[in-house]
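Enquirer: compute the structure for the input listed below.
(chains A and B)
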Amino acid sequence: MTLSLALEARDLSQLPSRRDEDWRWTDLRGLIRELPAPSPEVSAGLSPGPFGDEGEAELLVVNGRVRGDAGLLTLSDGEARVVRLRFVAATAATGHGVKLAVSLAPGAHLTLLESYEGQAPDYLADAALSVRLETGARLERIVLASDHAEGVSVSTASVSLAPGADFAQTVLTDGARRQRLETRVEHPGQDAKVRMDGAYLIADRRHADLTTAVNHAGTDGTTDQLVKGVVADQGRGVFQGRITVNPGADRTDARMGHHALLLSDRAEVNAKPELLIFADDVACAHGNTVGALDEDALFYAQQRGIPEAEARAMLTEAFIGEVIDRIVHDGAREVARAWAAKRRAG
Amino acid sequence: MLSIKNLHARVEAAEILKGLSLELPAGEVHAIMGPNGAGKSTLSYVLTGRQGYEVTDGTATLDGEDLLSLEANERAARGVFLSFQYPLEIPGVPAMTFLRTAMNAQHKARGEPEISATDFLKRAREVAGQLKMDFDMLKRPLNVGFSGGEKKRMEIFQMAMLSPRLLILDETDSGLDIDALKIVADGVNALRSPDRAMLVITHYQRLLDYIRPDKVHVLAAGRIAATGGPELAHELEREGYDKYARAA
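Expert: Okay, here's the model as predicted:
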């Protein structure tokens, strides 16, 4: 059951619903009553995306159609590149899906600046990325989702790693009418490394779902995850994080942290952190907190002369800053910082 | 400078201050001493505008201006500074960034120009030097992982930088060893001036050996039970608060 199947088959019953355990907080079947017309081809020029001109190359995907050379996402041995990958929904009341592959040969290094841009209301957009990293390959994926408040968007990345590969990602989103950003990683252990971070800043009636699953199949793997969220108004944030350590995946080191701030009585966070451990010799930890802004810290800042609204903004920005500081690519980190400063809900 | 008249305040349902009156003229240092639960910290929070502290009667004015109707940050901009008993940790915000934000907010509220980054840094280096602080500490997130002594020093640092007119020190000696206490007291004493006033809240007389008060007030059961010179602090140290607690 996926949005992509429903769009392809033009069959509403293929939509995931709250009956699917993995989708119970991001119900699509209850939301979408009718499938919209397929998105048309658009040839008009587009304004720059959120990453501006960071990096060396750009791959545009408009209304589910690839413009340019999808080969930019295939790197040969030892090759290094910074690519902007932009998924643009450009036409109101239409739907589209796209599938792309990212492939890194041994020792290749890709920085992927991926954006989801909703330039029209009321679309259904699906994107599926299949990612393969060979031995010693490195991918840093920074996802910035700026969907339309009335858009519905699902992005799924399926990542498989060879031993010694290094996969790091940071997903940043301010939600949509309904939005899910999902990442699934097949982790071979054997010194492969995974960092899987995220930040959601949700206001109004927007919804964002960050779902991740990491499956440790071999020994000596690490996974490090830090997800933080700030939800205001009637926004809703969903975090589902699952790390599975399979039998025999000894000496796995897995850490998961999810922390959220609720800035209003009607804001909502649904969190389901799961560590499923079937191996003996492992170091695993997880922490999950959902709370309000620290009133003591707020008073402290006000006592020093900082007005309440500014103090709130400063504290929430600092809260999210911990995630942003972990982005390795300098330009992307600054874009992320500016994004958080602009969207800091007050 | 600070004039408190018949101040009544409560926290939730409990009345903590029950008719407290106090005159603190510019240039003077007054100590407030009292047993636990007498209302010492409540007084500092009521004066600085913390939420949850409800004033039910009485007045508190700073140079004739009603303090109690102002927001906490507005009071700070008027020159009210509270050195916290337990300074807060602010993860993710470097001490310098925090303080510069505070300083510029105060300047803005007073209609003064922003302080330039260069002037700010220059002054910060100067003051850090006086307080024998490691300058690199100011680049770290405010108070995160600092020892008790470092946190208190950071309070005095902020105080010296912000140059307030009314200084309230809430149990500044708690958690300090004798060397740290001396450094902190020197920092406070350096701020004594004819146009500043200080309220030193403390449970023990020890701090007052280093910050010499002009007057000592005994706070018991929500009001001032006695006022005297520095000798009163020594008497309290010898005899305890019993007689005031009983009289109240």
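
Enquirer: and the gap between the residue in the stretch 51-200 of chain A positioned nearest to chain B and A:Gln169?
Expert: Nearest residue of the stretch 51-200 of chain A to chain B (C-beta to the nearest C-beta) works out as A:Ala199 at 12.5 Å. Every residue, glycine included, has its C-beta placed from N, CA and C. In this view, A:Ala199 and A:Gln169 are 12 Å apart by C-beta to C-beta, to the nearest Å.

Enquirer: need the contact list for whichever residue of chain B sits closest to chain A.
Expert: The minimum distance from chain B to chain A, using C-beta to the nearest C-beta, falls at B:Gly92 (2.9 Å). Counting by C-beta atoms under 8 Å, 6 or more residues apart in numbering or on different chains, B:Gly92 makes contact with A:317-319, A:321-322, B:141.

Enquirer: how about low-confidence regions in chain A?
Expert: Along chain A, the model assigns pLDDT under 70 to residues A:344-346.

Enquirer: what does chain B give?
Expert: Along chain B, segments meeting pLDDT under 70 span B:246-248.

Enquirer: who in chain B is up against chain A?
Expert: With C-beta under 8 Å from any C-beta of the partner chain as the criterion, chain B comes near chain A at residues B:48-51, B:71-73, B:75-77, B:81-82, B:84, B:87-93, B:98-99, B:101-103, B:105-106, B:109, B:141, B:158, B:162.

Enquirer: can I have the buried ones of those residues as a ChimeraX selection?
Expert: Selection of buried members from the residues of chain B next to chain A for ChimeraX, criterion 16 or more other C-beta atoms under 10 Å in any protein chain shown:
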select /B:48,49,50,72,73,75,76,77,81,82,84,87,88,89,90,91,92,93,98,99,101,102,103,105,106,109,141,158,162
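
Enquirer: of the residues of chain B next to chain A, which belong to helices?
Expert: Within those, residues falling in helices by DSSP state H are B:48, B:72-73, B:75-77, B:98-99, B:101-103, B:105-106, B:109, B:158, B:162.

Enquirer: ok, so of those residues, who is nearest A:Lys193?
Expert: A:Lys193 has its nearest neighbour among those in B:Phe98, at 34.0 Å by C-beta to C-beta.

Enquirer: quick one, what contacts the closest one?
Expert: Residues counted as contacts of B:Phe98 (C-beta under 8 Å, 6+ apart) are A:301, A:304, A:314, B:90, B:142.

Enquirer: in a markdown table: these, plus distance to A:Lys272.
Expert: Below are the contacts of B:Phe98 laid out as a markdown table (distance: C-beta to C-beta, whole Å):
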| residue | distance to A:Lys272 |
| --- | --- |
| A:Ala301 | 33 |
| A:Arg304 | 39 |
| A:Met314 | 30 |
| B:Ile90 | 30 |
| B:Leu142 | 33 |
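
Enquirer: now the residue nearest the centre of chain B: which helix or strand?
Expert: Compute the mean C-alpha point of chain B, and by C-alpha atoms, centre = their mean the closest residue is B:Ile168, 2.1 Å away. Taking DSSP states H and E as the criterion, B:Ile168 maps to strand B:166-170.

Enquirer: other SSEs contacting that strand?
Expert: Strand B:166-170 sits against helix B:40-48, strand B:80-83, strand B:197-202, with contacts defined as 3 or more C-beta pairs under 8 Å, 6 or more residues apart in numbering or on different chains; DSSP states H and E.

Enquirer: list the contacts of the second one.
Expert: For strand B:80-83, contacts defined as C-beta under 8 Å, 6+ apart pick out A:303, B:44, B:47-48, B:62, B:67, B:152, B:155-156, B:158-159, B:162, B:164-170, B:172.

Enquirer: which one is the residue of the stretch 201-346 of chain A found nearest chain B nearest to, not counting chain neighbours?
Expert: Closest contact between the stretch 201-346 of chain A and chain B, by C-beta to the nearest C-beta, is at A:Ala318 (2.9 Å). Distances taken as C-beta to C-beta, 6 or more residues apart in numbering or on different chains place B:Gly92 nearest to A:Ala318, at 2.9 Å, with adjacent residues excluded.

Enquirer: measure A:Ala341 to A:Gly45 for me?
Expert: In this view, A:Ala341 and A:Gly45 are 29 Å apart by C-beta to C-beta.

Enquirer: is it fair to say A:Leu139 lies in a helix?
Expert: No: going by DSSP: H, G, I helix; E, B strand; the rest coil, the assignment for A:Leu139 is strand, not a helix.

Enquirer: quick one, what contacts it?
Expert: Contacts of A:Leu139 by C-beta under 8 Å, 6+ apart are A:102, A:104, A:109-112, A:131, A:133, A:165-169.

Enquirer: ok, 10 Å please
Expert: Shown in contact with A:Leu139 (C-beta atoms under 10 Å, 6 or more residues apart in numbering or on different chains): A:75, A:102, A:104, A:108-112, A:131-133, A:159, A:161, A:165-169.

Enquirer: report the separation between it and A:Val159.
Expert: 8 Å.

Enquirer: now A:Gly257
Expert: 20 Å.

Enquirer: and the two? which has more neighbours close in?
Expert: A:Val159 (23 against 19; other C-beta atoms under 10 Å in any protein chain shown).

Enquirer: right, and the more buried one touches A:Ala101 too?
Expert: No: between A:Val159 and A:Ala101 there is no contact under C-beta atoms under 10 Å: 11.4 Å.

Enquirer: and for these two, which residues touch both?
Expert: By C-beta under 10 Å, 6+ apart, the residues touching both A:Val159 and A:Ala101 are A:129-132.

Enquirer: counting neighbours, which of those residues end up buried?
Expert: Buried among those (16+ other C-beta under 10 Å): A:129, A:131-132.

Enquirer: got these as CSV, with secondary structure and distance to A:Leu5 columns?
Expert: Listed next are those as CSV, based on DSSP: H, G, I helix; E, B strand; the rest coil; distance: C-beta to C-beta, whole Å:
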residue, secondary structure, distance to A:Leu5
A:Leu129, strand, 16
A:Val131, strand, 20
A:Arg132, strand, 23
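
Enquirer: what would these look like in TSV with distance to B:Arg192?
Expert: Below are those laid out as TSV (distance: C-beta to C-beta, whole Å):
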residue	distance to B:Arg192
A:Leu129	66
A:Val131	65
A:Arg132	70
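
Enquirer: now cross-check these against chain B and list the overlap.
Expert: Checked against chain B using C-beta under 10 Å from any C-beta of the partner chain, those give no members in range.

Enquirer: nearest to B:Arg206, of the residues you listed?
Expert: A:Val131 (64.2 Å).

Enquirer: thought that closest one was touching A:Glu114?
Expert: No: using C-beta under 10 Å, A:Val131 is not in contact with A:Glu114, being 11.0 Å away.

Enquirer: joint contacts of these two?
Expert: In contact with both A:Val131 and A:Glu114: A:102, A:141, A:157, A:169, using C-beta under 10 Å, 6+ apart.

Enquirer: excluding its backbone neighbours, what's nearest the second one?
Expert: Excluding the flanking residues, the one nearest A:Arg141 by C-beta to C-beta, 6+ apart is A:Gln169, at 4.0 Å.

Enquirer: centre of the chain versus stretch B:58-77, how much separation?
Expert: The chain centroid and the centroid of stretch B:58-77 are separated by 15 Å under C-alpha atoms, centre = their mean, to the nearest Å.

Enquirer: list the buried residues of it.
Expert: The neighbour-count check on stretch B:58-77 (16+ other C-beta under 10 Å) flags B:58, B:60, B:62, B:67-68, B:70, B:72-77 as buried.

Enquirer: cool, stretch A:236-250 as well?
Expert: In stretch A:236-250, counting by 16+ other C-beta under 10 Å, buried: A:236-246, A:249-250.

Enquirer: tell me the SS of residue 233?
Expert: By default, I'm working from chain A. Criterion first, three-state DSSP; result for A:Asp233: coil.

Enquirer: let's do chain B instead
Expert: helix.

Enquirer: B:Arg206 is in contact with that one, correct?
Expert: Yes: if you go by C-beta under 10 Å, B:Ala233 and B:Arg206 touch, sitting 9.5 Å apart.
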